[in-house]
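Undergrad: coordinates for the following, if possible.
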Amino acid sequence: MSTKARILEVAAALVAESPDGDVSTRAVCEAAGVGAPALYRHFGDKEGLLSAVVDHGWDRYLATKRHRTPGTDPVQDLRDGWDTHTEFALQNPNLYRLMNSPAMRTPPAAALESHQILTSDLQRAAEQGKLRLAPELAAQMIMSANVGVALMLVSRPATFTDRTVARRVRDAVHAAVFTPDVMDSRTASGSPTASRPDAEEARVPATAARLNALLRRPAPSSLTPAETTLLTEWLNRLSNE
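TA: Sure, this is the predicted structure:
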């Protein structure tokens, strides 16, 4: 193992074991058996070291998502993805807080990759007519809610003692994102969706979201780039209304 890799592994372990999730560069150097110049040469300063620990954490988190085979039901994939996200936070509380700390000046590229994976699953749901919002807006809603509830669970365990709150928030957010017939099929309850007012109200946004998603692969050649841009703007407006 290289000196850089050894320092990073030690720092990640010390972060995980720390009562408050913080570490000193001196403690890292002592545990790794290196001098301070070696740490600063590889990572610049403490913030650079913690940024590397964050990147390391994101790589661990994304390892479960990068090579998975998408299922036939994107909604179930999204439910599983929410649960996997929450479980990672509970198993790595200090690392998770660091990964989502506002003190980090530059968001890691892996965080964007995570958001893109989520948006891709929502794109598949839109193509199947299961989404009542544009995938980009739905991704922002789901990600912010998932991160928020996970941070509460790991940062305030004395208050958030019931871990089922994560699933309750998941289902509430999904109810706002997916079409009513999708949610009814999950609960196996309620009256037929064709007679429900909220199902009727969701029909136009869901149709606009589906058409928008389908037009992206690829854009119809009969439309000019300007027409495609305008149509996309209209469909986004209808789906997010």
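Undergrad: so what's residue 33 up against?
TA: residue 6 (CB atoms under 8 Å, 6 or more residues apart in numbering). Placement of C-beta: from N, CA and C, glycine included.
Undergrad: would you mind measuring from the residue of the chain positioned farthest from its centre to residue 28?
TA: Relative to the C-alpha centroid of the chain, counting by CA atoms, centre = their mean, residue 35 is the outermost residue, at 37.4 Å. Here residue 35 is placed at a distance of 11 Å from residue 28 (CB to CB, to the nearest Å).
Undergrad: middle-most residue in the chain, spatially?
TA: Geometric centre of the chain, nearest residue: residue 143, 4.5 Å, by CA atoms, centre = their mean.
Undergrad: what's near enough to touch it?
TA: Going by CB under 8 Å, 6+ apart, the list of residues near residue 143 reads 114, 115, 118.
Undergrad: leaving out sequence neighbours, find the closest residue to the first one.
TA: Residue nearest to residue 114 in three dimensions, not counting chain neighbours: residue 62, with 6.2 Å by CB to CB, 6 or more residues apart in numbering.
Undergrad: and for residue 122, nearest residue in space, chain neighbours not counted?
TA: Nearest residue to residue 122, sequence neighbours excluded (CB to CB, 6+ apart): residue 135, at 3.9 Å.
Undergrad: measure stretch 152-168 end to end?
TA: One end of stretch 152-168 to the other measures 14 Å (CA to CA, to the nearest Å).
Undergrad: any idea how far it is from the middle of the chain?
TA: Using CA atoms, centre = their mean, to the nearest Å, the distance from the centre of stretch 152-168 to the centre of the chain it belongs to is 18 Å.
Undergrad: got the contact list for it?
TA: Contacts of stretch 152-168 from elsewhere in the structure, counted by CB under 8 Å, 6+ apart, are 82, 83, 86, 89, 90, 93, 96, 97, 149, 150.
Undergrad: which among these count as buried?
TA: Among the contacts of stretch 152-168, those that count as buried by neighbour count (16 or more other CB atoms under 10 Å) are 82, 86, 89, 93, 96, 97, 149, 150.
Undergrad: could you pull out the helices for the protein?
TA: For the chain, the helices identified by DSSP state H occupy 3-17, 25-32, 36-43, 46-66, 74-91, 93-99, 109-127, 135-155, 165-177, 180-187, 197-215, 225-239, in order along the chain.
Undergrad: and those helices as JSON lines, adding mean pLDDT?
TA: As requested, the helices of the chain are exported to JSON lines (pLDDT from 0 to 100):
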{"stretch": "helix 3-17", "mean pLDDT": "90"}
{"stretch": "helix 25-32", "mean pLDDT": "92"}
{"stretch": "helix 36-43", "mean pLDDT": "90"}
{"stretch": "helix 46-66", "mean pLDDT": "86"}
{"stretch": "helix 74-91", "mean pLDDT": "94"}
{"stretch": "helix 93-99", "mean pLDDT": "89"}
{"stretch": "helix 109-127", "mean pLDDT": "90"}
{"stretch": "helix 135-155", "mean pLDDT": "95"}
{"stretch": "helix 165-177", "mean pLDDT": "94"}
{"stretch": "helix 180-187", "mean pLDDT": "69"}
{"stretch": "helix 197-215", "mean pLDDT": "71"}
{"stretch": "helix 225-239", "mean pLDDT": "81"}
